[in-house]
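Student: only geometry, no sequence info:
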């Protein structure tokens with residue numbers, strides 16, 4: 001039997017469940033996922049290796065109207081991924097009405113000569129009639145496949161995988177069988193810390209911070225990590241630190257617990273907060289933080 005292998009892009013608006021779907025397919029947490037829109041800021045690869053195939057999923061930032069250079073970079077990375085894959089999955093949230101934003105994405109990928117799936121997520125929140133009504137608003141001819149599922153409850157995940165395999169070319173295995181992602185370890189560390197900030201802070205803080213890993217030192221049975229949290233305003237720094245440093249301590253505790261589980265060693269995590277005003281609109285800062293490619 002021929003071995004199938006290829007790349008699959010997960011695209012869609014913010015907060016439709018792309019990262020949750022990736023984690024569900026892999027049965028492993030590769031991408032951070034929170035209820036906050038625009039959690040994913042970069043293209044993240046998750047690798048599913050089976051006996052007869054290897055599927056490399058690319059989780060992309062949510063496509064939205066750009067207000068800063070950071071947002072524009074995120075959206076561009078999502079669209080760039082579409083041109084380099086074998087299959088495109090457009091994920092939509094069935095619990096919210098189909099709207100103009102969905103139509104814009106559909107129109108943008110129509111001209112791409114790749115198999116396109118419409119993945120209707122969160123169908124556990126709809127009854128059969130509501131799902132039919134939702135589908136009636138969709139240009140179904142724009143898609144090669146339409147698959148309803150629930151990423152959170154792992155419903156119809158196997159059907160999705162089997163359908164994707166039918167559209168993949170015969171190819172060699174790209175990655176070792178035990179590899180589930182190809183991002184650098186420092187990226188994973190920064191994302192875990194950022195997730196804990198997103199989950200524990202409110203208001204303007206979540207979209208205004210970045211995490212930079214400045215140092216990783218490994219010793220027998222212990223990993224030392226030095227991280228800097230970059231905020232845009234002094235008020236945001238104050239929120240992240242909290243009264244008597246309690247919020248920063250809380251974030252560090254949650255992050256350290258997950259990092260120890262991931263790394264299999266004791267973790268000493270040192271975190272600092274730095275203010276870089278309007279960093280999301282500064283090209284030099286975006287390059288330094290890894291959101292723009294360095295020339």
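Tutor: Perfect, I can see it now. These numbers were taken from a predicted model, which means no experiment stands behind them.

Student: Flag every buried residue along the helix or strand where residue 132 lies.
Tutor: Assigned by DSSP states H and E, residue 132 belongs to helix 128-136. Using 16 or more other Cβ atoms under 10 Å as the test for burial, helix 128-136 gives residue 134. Quick note: C-beta positions are derived from backbone N, CA and C, even for glycine.

Student: Stretch 109-127 now?
Tutor: 109, 114, 115, 116, 117, 118, 119, 120, 121, 122, 123, 126.

Student: Buried residues in stretch 200-219, which are they?
Tutor: Buried residues in stretch 200-219 (16+ other Cβ under 10 Å): 200, 201, 205, 206, 207, 208, 209, 210, 211, 212, 213.

Student: I'd say the second one and residue 240 touch.
Tutor: Yes: using Cβ atoms under 8 Å, residue 201 and residue 240 qualify as a contacting pair, with a distance of 6.5 Å.

Student: list residues touching both of the two?
Tutor: residue 247 (Cβ atoms under 8 Å, 6 or more residues apart in numbering).

Student: Please enumerate the strands of the stretch 151-295 of the chain.
Tutor: Using DSSP state E, counting those that start in this stretch, the strands of the stretch 151-295 of the chain run over 210-219, 222-231, 266-275.

Student: In a markdown table, list those along with distance to residue 188 and mean pLDDT.
Tutor: What follows is the strands of the stretch 151-295 of the chain, written out as a markdown table (distance: least, Cβ to Cβ, whole Å; pLDDT from 0 to 100):
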| stretch | distance to residue 188 | mean pLDDT |
| --- | --- | --- |
| strand 210-219 | 9 | 93 |
| strand 222-231 | 11 | 95 |
| strand 266-275 | 12 | 95 |
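
Student: Output these in CSV; the columns should cover distance to residue 32.
Tutor: Below are the strands of the stretch 151-295 of the chain laid out as CSV (distance: least, Cβ to Cβ, whole Å):
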stretch, distance to residue 32
strand 210-219, 11
strand 222-231, 15
strand 266-275, 16
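
Student: among these, which is nearest residue 141?
Tutor: Residue 141 sits nearest to strand 210-219 of all the strands of the stretch 151-295 of the chain, at 41.2 Å, using Cβ to Cβ.

Student: name the helices or strands packed onto the closest one?
Tutor: Helices and strands touching strand 210-219, by 3 or more Cβ pairs under 8 Å, 6 or more residues apart in numbering; DSSP states H and E, are helix 185-200, strand 222-231.

Student: Could you tell me the angle between the shortest one and strand 266-275?
Tutor: Following axes from the mean of the first three to the mean of the last three Cα atoms, to 10 degrees, one obtains 20 degrees for the angle between strand 222-231 and strand 266-275.

Student: what's next to strand 222-231, contact-wise?
Tutor: 189-190, 193, 197, 205, 208-218, 237, 240, 259, 263, 265-276, 279, 285, 289.

Student: Next, the buried residues of it.
Tutor: Neighbour counts over strand 222-231 (16+ other Cβ under 10 Å) mark 223, 225, 227, 228, 229, 230, 231 as buried.

Student: So in that sheet, which strands flank that strand, and in what orientation?
Tutor: Neighbouring strands of strand 222-231 in its sheet, by DSSP bridges, are strand 210-219 (antiparallel), strand 266-275 (parallel).

Student: Of all these, which one is nearest residue 55?
Tutor: strand 210-219 (28.8 Å).

Student: ok, residue 183 touching residue 43?
Tutor: No: assessed by Cβ under 8 Å, residue 183 is found out of contact with residue 43, at 9.5 Å.
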